[in-house]
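S.K.: Sequence first, then the predicted structure:
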Amino acid sequence: MDRKSHKKMSRISLKFANKDGRFCLCAHVKGTGVRHYKTVEGLKNPNFTKWNPDAQMFISRVQTDLENNIILQDLLSQIEQLLDEHDFDSGKELFAMFDSLRKEKAEATILKEKQEITLGEFIKEVIEELRHPVKRKPSSNFQPYTTLLHKLEKEGKIGA
């Protein structure tokens with residue numbers, strides 16, 4: 001990838017490649033033979049006969065190839081942003097930071113979703129878990145929660 005348009009030149013170049021039967025993003029430390037690979041995840045039925053290594057994209061008008069190109073470009077732009085903001089000695093450090101930031105973002109999203117639940121939604125989740133539990137037999141203990149939910153809804157204390 002040509003990185004001349006970036007303000008700061010990185011010591012690491014990026015290129016997608018097949019490695020040991022897996023499709024990866026290769027981070028190569030310029031001037032050395034040091035390479036680190038990150039397996040690309042989330043591609044939808046990739047057709048590697050349409051992969052163009054020079055263009056670094058799938059050359060096809062098939063919808064899944066177009067979607068895969070978007071996934072690849074998104075991954076590349078996120079990693080290039082890290083390269084612009086930080087100095088890395090190796091692809092291993094780069095990919096470790098990328099994975100760490102992605103994990104933090106996912107955990108923050110999950111935490112935010114958990115915090116934004118309403119009382120009515122919480123009671124409905126409790127009722128549903130008691131009616132159709134994942135790991136144990138169904139329970140009839142959901143009836144008091146159903147009664148509470150209906151009473152609160154009737155009094156206008158919570159939204160349905």
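M.R.: Okay, I see it.
S.K.: what helix or strand is the spatially most central residue of the chain on?
M.R.: By CA atoms, centre = their mean, the chain has its centre lying nearest to Arg102, at 6.8 Å. Element membership of Arg102, judged by DSSP states H and E, is helix 91-115.
S.K.: buried sites along that helix?
M.R.: Using 16 or more other CB atoms under 10 Å as the test for burial, helix 91-115 gives Gly91, Lys92, Glu93, Leu94, Phe95, Phe98. Backbone N, C-alpha and C define where each C-beta goes, glycine included.
S.K.: Now do the helices in this protein.
M.R.: All helices of the chain, identified by DSSP state H, fall at 63-85, 91-115, 119-131, 143-154.
S.K.: nearest to Asn18, of these?
M.R.: helix 63-85 (13.3 Å; CB to CB).
S.K.: so where is the protein shaky, pLDDT-wise?
M.R.: 1-10, 113-115, 133-140, 157-160 (pLDDT under 70).
S.K.: what number of residues lie near the closest residue to Ile123 other than its chain neighbours?
M.R.: Closest residue in space to Ile123, ignoring its immediate chain neighbours: Leu149 at 4.6 Å, by CB to CB, 6 or more residues apart in numbering. Burial of Leu149 is recorded as 20 neighbouring residues (other CB atoms under 10 Å).
S.K.: shouldn't Leu149 be in contact with Val126?
M.R.: No: judged on CB atoms under 8 Å, Leu149 makes no contact with Val126 at a distance of 9.1 Å.
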